[in-house]
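Asker: need coordinates for the below:
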Amino acid sequence: MLITKHESATKAVGVEGYKTLLQFLLVAVLGGGVSLVYQAFNRQAEQRAERARLAEERATVVRETRQRYLGELIGLYNSVKRTRRLLRARAQVYTASGDSHLRVAMYDEHLQLLVDAQLSLEMVVRNVRAEGTLFDAEPDLLPSLRETEEYVRDLISEYETVMPEVTQGATEIPTPPQLADFIGSYEGSAFRVRFIRPVQAAMAAIERLITAPAP
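Answerer: Prediction:
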């Protein structure tokens, strides 16, 4: 209006007044435009910062969840190995002819520890499967966990078959075949193939997921 009504405005307020008014309005308009741009920029920056914060929080939760699974798996791995060593040291005896026997009380005591480990491994398998996309980047993880759990479950199944057949008052029994493999020579054993290798593969898979860059 000031531009189109230049002459009328000049007559009303004078030349200098017109210039001053025009400068004031130009500053106000340009300042308002800059302010709007600045506010829009700030909103976008805040939205980006919020998205980054949420992404970081999710990445932290995912990393901590994976670390929890790794810690639990390491604990179960050590528990099974500890039970194996105790069985070798405390339960295994040899007859005069060199046959391997087990002290019944020690066999019973330590296989109960394996029962606990098997149940925990079973829960790990179930939970990893239920976690969905959390472990999708390592497709071999779940099969490795299943193989580990199945090996320990086979030892428990043998235990459940053997113990009811033990004669009352017996202190020793011949070493059952699967338990003999478990506490026997490491090289070429099913313990190495069906437990050690898959559980180590599972732990390595989770470690890769933990150290991988966040998507």
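Asker: the bottom helix or strand of this protein by mean pLDDT?
Answerer: Lowest by mean pLDDT, DSSP states H and E among the helices and strands of the chain is helix 6-13, with a mean of 58.
Asker: show me where this protein dips below the pLDDT cut-off.
Answerer: 1-19, 21-22, 25-38, 40-41, 45-47, 49, 52, 54-55, 215 (pLDDT under 70).
Asker: the residue nearest the centre of it and Glu149, how far apart?
Answerer: With distances taken as CA atoms, centre = their mean, the chain has Arg66 as the residue nearest its mean C-alpha position (1.6 Å). Noted for Arg66: a distance of 19 Å to Glu149, by CB to CB, to the nearest Å. Placement of C-beta: from N, CA and C, glycine included.
Asker: again with Glu207
Answerer: For Glu207, the distance to Glu149 - CB to CB - is 20 Å.
Asker: the two: who's more crowded?
Answerer: Glu149 (24 against 14; other CB atoms under 10 Å).
Asker: now do the strands in the protein.
Answerer: Remark: strands assigned in the chain by DSSP state E are 92-94, 100-103, 172-174.
Asker: turn those strands into CSV, including mean neighbour count and distance to Arg153.
Answerer: Below are these laid out as CSV (neighbours: other CB atoms under 10 Å; distance: least, CB to CB, whole Å):
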stretch, mean neighbour count, distance to Arg153
strand 92-94, 14, 22
strand 100-103, 18, 20
strand 172-174, 15, 21
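Asker: CSV for those strands, including distance to Leu141?
Answerer: What follows is the strands of the chain, written out as CSV (distance: least, CB to CB, whole Å):
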stretch, distance to Leu141
strand 92-94, 34
strand 100-103, 34
strand 172-174, 38
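Asker: surely Arg153 and Ala117 touch.
Answerer: No. Look at Arg153 against Ala117 with CB atoms under 8 Å: they stay out of range, at 10.1 Å.
Asker: who's more crowded, these two?
Answerer: Ala117 (22 against 16).
Asker: report the distance from stretch 62-73 to the chain centre.
Answerer: 4 Å (CA atoms, centre = their mean, to the nearest Å).
Asker: you'd agree Leu142 is up against Phe135?
Answerer: Yes. The pair Leu142 / Phe135 is scored as a contact, 7.2 Å apart, by CB under 8 Å.
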